[in-house]
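K.L.:
Give me the fold of what follows.
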Amino acid sequence: MGRPPKRPEDKRQSVTFRLDPDMKRAIEAAAKESGRSVTAEMEARLTALEAFDAEGVELVRVIGKELQAIMSREAPSLRAVTKKSWHNSLKLWAAFKEMLLRGPIEDMRPERLADDEAATETQIRLLRLSAKRRELVHEVQTIGVSITEDHKPKTLPKRGGLFSLAFADLSPREITRKSLEILPDSELKSLAFDLLEQIQKLDAEIDQAEREFSEHVKMFRDAEKEGRDLYRQHLTTTAIRQQSEGKPFRILDLFQLWTIEP
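P.N.:
Predicted coordinates:
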C-alpha cells in the first residue's frame, strides 16, 4: 500500500525572490562546499533560523559579521598554510567561542545593573557618603591623630607587648577614641571627638548603603545563575538520554562538573 497523497497545503511550495549578487555568489559557493543544491542550501539556512524571533535573527547576523572580522584578522595567513576554517582550527575555534561568550550577546543583555535606577541611586549615595567621611577623616588626621577610612575590624596575628594586648580586641574607631583621650589640648580633643562622632554616623550609613547595593547586585547575579543552571540542567538531561540510548555523550554534561563562573 502506497503513501497517501499529500494535501495541496502540505506539498513543497515555490518561492521566488531576488538576491544581492554577492549574496547569490556566497550561497552558490556554500552550496558547492556542502554538496547541496542552491535551493537546498537556502532552505537549510532558513530552517536553522526558524526558532529565532527578529532579535534572534539580528543576533545571528551580528555574530556572522564578528566571525568574518575574526577570520579577516587572523585567518588569511592561517588558512593559506593550513586550509582550515574556524570549525577545524583550534585557534579560530577558541576565538569564536570567546566571541559567543563575550561579544554581541552582551549587547543584547535585557537588564543591566547600571540601568537599574534604585541600584544607581544607592551607588551615588554610597559615593557621596564615602567622600564626606574621607573629608572628616582627613580633618582628624590634621589634628595629629591616626585614623583610617576603613572602620571594620581586621583579624591580625597576635603579637606580644603591652600595646598589642591593650588594643587586641578594639575596633579601629575604638583605637582612635583611645588616642583622642590622651590629647593634651582640651579644645582640640573636643573637636576631634565631635568629628569622630560624625564619622561613626557615616560609618553606619555607609554600611547600610553597601548592604543595599549588595542586594541589588545579588538579584542580578541570582537571575544569571538561574539561567546558567537552566541550560546546564538541559545539558545533563540530554546527556542522560543519550547515554540511555547508547549514543555518544559528554561526560562533563552528565555530572555537571562546572567550576568556572563568568
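K.L.:
Mind giving me the packing neighbours of the helix or strand residue 224 falls within?
P.N.:
Using DSSP states H and E, the element containing residue 224 is helix 186-244. Packing partners of helix 186-244 (3 or more Cβ pairs under 8 Å, 6 or more residues apart in numbering; DSSP states H and E): helix 117-143, helix 172-181, helix 251-255. Bear in mind the C-beta positions are built from the backbone N, C-alpha and C, glycine included.
K.L.:
just the angle between that helix and helix 172-181, please?
P.N.:
Interaxial angle, helix 186-244 versus helix 172-181 (axes from the mean of the first three to the mean of the last three Cα atoms, to 10 degrees): 170 degrees.
K.L.:
Low-confidence stretches in the stretch 151-262 of the chain?
P.N.:
155-169, 256-262 (pLDDT under 70).
K.L.:
if I pick residue 37, what's in contact with it?
P.N.:
residue 31 (Cβ atoms under 8 Å, 6 or more residues apart in numbering).
K.L.:
Of all the helices and strands packed on helix 186-244, which one is nearest residue 61?
P.N.:
Residue 61 sits nearest to helix 251-255 of all these, at 29.1 Å, using Cβ to Cβ.
K.L.:
chain center to the helix holding residue 224: distance?
P.N.:
How far helix 186-244 lies from its chain's middle: 15 Å, per Cα atoms, centre = their mean, to the nearest Å.
K.L.:
Just name the most buried of the helices and strands packed on helix 186-244.
P.N.:
Of all the helices and strands packed on helix 186-244, helix 172-181 carries the top mean neighbour count, a mean of 17, counting by mean count of other Cβ atoms under 10 Å.
K.L.:
For that one, which outside residues touch it?
P.N.:
140, 145-148, 150-154, 167, 170, 189, 192-193, 196, 199-200, 203.
K.L.:
In ChimeraX, select just the buried ones from these.
P.N.:
Per 16 or more other Cβ atoms under 10 Å, the buried members of the contacts of helix 172-181 correspond to this ChimeraX selection:
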select :140,145,147,151,189,192,193,196,199,200,203
